[in-house]
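1. sequence isn't available, so here's the structure alone:
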């Protein structure tokens, strides 16, 4: 069966998250979005884990079910430690197939830090040791380095990361099969570095509110089970792992270099001219994802490796509506328009990626239909994100991909 999966989110027990990040609300939004498999996030938090145990029904296949939506037990941990003379801050996402294994993981991790204070706990454990203890608990545990390029907390981040995965995970590198690209990069950027070729590149929302789930996702054509998902990622089988759904990476909040305090946003070329320092205050810039990828890349932009999993770019429907009507994406006007479109034309992913253009133009307000078509063709302007600030999008241009004369035909 073909389905979309968003495997990395957070619960209401993580800092800076919506109180609506509960199973009932998440299941409702998953249906609206077209997400059939959702990571639970935060299983390391005792209150959330108890809620999961009391709410979810065991499907007997390593997954769980609520309101006809499937859930996988997942959690993100932040490892902060010193290695090779540098403080490392690495985020990893842990997948487990049962509550029994989740309990065992929590028992071990609790000896490395207070895992009860936050849904995404900070633990003083080397990422290599984390891999060792997790795989010692169960070979069914699946470990994925999270948002691998973000500056402050990631495997290859400019502020605290490594220059190779082997430097981080050592002999356990062989047990890492997938990497999460994060909102500020897409597979195309990662294809520029040959050392990543063997890994499945996955994309997830890392959502802190129900409205944001599915903004990035993975599309599979497999049976709905934990083993089928992890096997598809291990084998990087293009017939089973079909494609990822991606943000335009410029919209991610660490795409460009910059210094938020001075409102300075720079391309890698501009950063080089300024010797990595802010031209306003002189302090070091936060080096973003685009720059860091270029630093490690050994291939030109646009290179496509053999057996690479394809990807499709998308902008969430609420952001498209907001851009068209000129208000914030959390406004009541956007909610009203969104509710009028979904589910009349299908799920959000169906509207954005599958409904025929002619039908969009016939059934939707013309400017919204036109904007969706523009996004599909990449006909957008985005002011890149930097130093923790999301990029800003402009979908409708003076010269649109469909002229007003063409629109008059519908």
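-> Nice, I can see it. Predicted, not measured: the structure shown is a model, and the values here were computed from it.

2. kindly list the main-chain dihedrals of the most centrally placed residue in the chain?
-> Nearest to the centroid of the C-alpha atoms of the chain, with distances taken as Cα atoms, centre = their mean, sits residue 204, at 2.9 Å. Reported as degrees, to the nearest 10, the phi and psi values for residue 204 are phi -140, psi 160.

3. so who does the nearest residue to it once chain neighbours are set aside touch?
-> Using Cβ to Cβ, 6 or more residues apart in numbering and skipping residues adjacent in sequence, the residue nearest residue 204 is residue 8, 3.5 Å away. Heads up, the C-betas are built off the backbone N, CA and C, glycines and all. When contacts are counted by Cβ atoms under 8 Å, 6 or more residues apart in numbering, residue 8 touches 39, 41, 74, 76, 93, 144, 146, 180, 204, 205, 206.

4. next SSE downstream of the helix or strand harbouring the third one?
-> Counting by DSSP states H and E, the secondary-structure element that holds residue 74 is strand 69-83. Sequence order places strand 86-96 as the next helix or strand after strand 69-83, per DSSP H and E.

5. now for that next one, which elements pack on it?
-> Under the contact criterion of 3 or more Cβ pairs under 8 Å, 6 or more residues apart in numbering; DSSP states H and E, the helices and strands touching strand 86-96 comprise strand 69-83, helix 99-109, helix 127-137, strand 142-145.

6. sorry, back to before: which strands and helices lie in contact with the strand holding residue 74?
-> The helices and strands touching strand 69-83, judged by 3+ Cβ pairs under 8 Å, 6+ apart, are helix 23-33, strand 37-39, strand 64-66, strand 86-96, helix 99-109, strand 122-123, helix 127-137.

7. on that earlier part again, the residue nearest to the centre of the chain and residue 55: what is the separation?
-> Residue 204 is 21 Å from residue 55, where distance means Cβ to Cβ, to the nearest Å.

8. for the stretch 251-400 of the chain, what spans make up the helices?
-> With helices called from DSSP state H, counting those that start in this stretch, the stretch 251-400 of the chain shows them at 268-273, 289-296, 317-325, 332-341, 348-353, 357-363, 366-376.

9. returning to that earlier point: how far away from the center of its chain is the strand holding residue 74?
-> 13 Å (Cα atoms, centre = their mean, to the nearest Å).

10. same question for stretch 232-244.
-> For stretch 232-244, the gap between its own C-alpha mean and the chain's C-alpha mean amounts to 17 Å (Cα atoms, centre = their mean).

11. can you give me the end-to-end distance of it?
-> 13 Å (Cα to Cα, to the nearest Å).

12. buried residues, that stretch. List them.
-> By neighbour count with 16 or more other Cβ atoms under 10 Å, stretch 232-244 contains the buried residues 232, 233, 236, 237, 240, 241, 242, 243, 244.

13. show me what contacts residue 91?
-> Residues counted as contacts of residue 91 (Cβ under 8 Å, 6+ apart) are 76, 77, 78, 79, 120, 145, 146, 147, 153, 154.

14. need the pLDDT of the fifth one.
-> It refers to residue 120. Confidence at residue 120, expressed as pLDDT, is 97.

15. sticking with it, tell me its helix or strand.
-> Secondary structure here is read from DSSP H and E; on that basis residue 120 sits in neither a helix nor a strand.

16. can you offset everything so residue one is 32?
-> Noted, 32 is the first residue going forward, which turns the last one into residue 151.

17. could you pull up phi and psi at it?
-> Per-residue torsions, residue 151: phi -110, psi 90 (degrees, to the nearest 10).

18. can you give me the neighbour number for it?
-> Per other Cβ atoms under 10 Å, the neighbour tally for residue 151 reads 24.

19. for the contacts of residue 122, which one is nearest residue 196?
-> The closest of the contacts of residue 122 to residue 196 turns out to be residue 176 (Cβ to Cβ; 7.6 Å).

20. test my guess that residue 349 contacts residue 242.
-> Yes - Residue 349 sits in contact with residue 242 when judged by Cβ atoms under 8 Å, with a separation of 6.6 Å.

21. okay, the contacts of residue 122 in CSV with distance to residue 217 next?
-> Below are those laid out as CSV (distance: Cβ to Cβ, whole Å):
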residue, distance to residue 217
107, 20
108, 25
109, 24
110, 25
151, 23
176, 16
177, 16
178, 12
184, 19
185, 15
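
22. quick one: residue 227 from residue 202, how far?
-> Applying Cβ to Cβ, one obtains 19 Å for the distance of residue 227 from residue 202.

23. so residue 35, which state does it fall into?
-> Following DSSP: H, G, I helix; E, B strand; the rest coil, we place residue 35 in the strand state.

24. count the neighbours of it for me.
-> The local packing count at residue 35 equals 23, with neighbours defined by other Cβ under 10 Å.

25. what sits closest to it if chain neighbours are left out?
-> Here the residue nearest residue 35, using Cβ to Cβ, 6+ apart, is residue 248, at 4.6 Å.

26. domain ranges for the protein, per the record?
-> According to the domain assignment given by automatic domain parsing, the chain is divided into the following structural domains: 33-282, 346-438.

27. off-centre distance for the shortest one?
-> Mean C-alpha position of domain 346-438 versus that of the full chain (Cα atoms, centre = their mean) differs by 20 Å.

28. and for the longest one?
-> When C-alpha coordinates are averaged (Cα atoms, centre = their mean), domain 33-282 and its chain have centres 9 Å apart.

29. so where is the protein shaky, pLDDT-wise?
-> Low-confidence regions of the chain, defined here as pLDDT under 70, cover residues 427-441.

30. residues shared between the contacts of residue 349 and residue 242?
-> With contacts taken as Cβ under 8 Å, 6+ apart, residue 349 and residue 242 have residue 361 as neighbours in common.

31. among the helices of the stretch 282-431 of the chain, which comes closest to residue 279?
-> Sorting these by Cβ to Cβ, the top spot, which is the nearest, belongs to helix 397-407 at 8.5 Å.

32. and that closest one, what's buried?
-> For helix 397-407, a neighbour-count test (16+ other Cβ under 10 Å) marks 397, 398, 399, 400, 401, 402, 403, 404, 405, 406, 407 as buried.

33. same thing with stretch 37-49?
-> For stretch 37-49, by 16+ other Cβ under 10 Å, it's 37, 38, 39, 40, 41, 42, 43, 44, 45, 48, 49.

34. quick check: end-to-end length of stretch 357-370?
-> Between the opening and closing residues of stretch 357-370 lies a distance of 18 Å (Cα to Cα).
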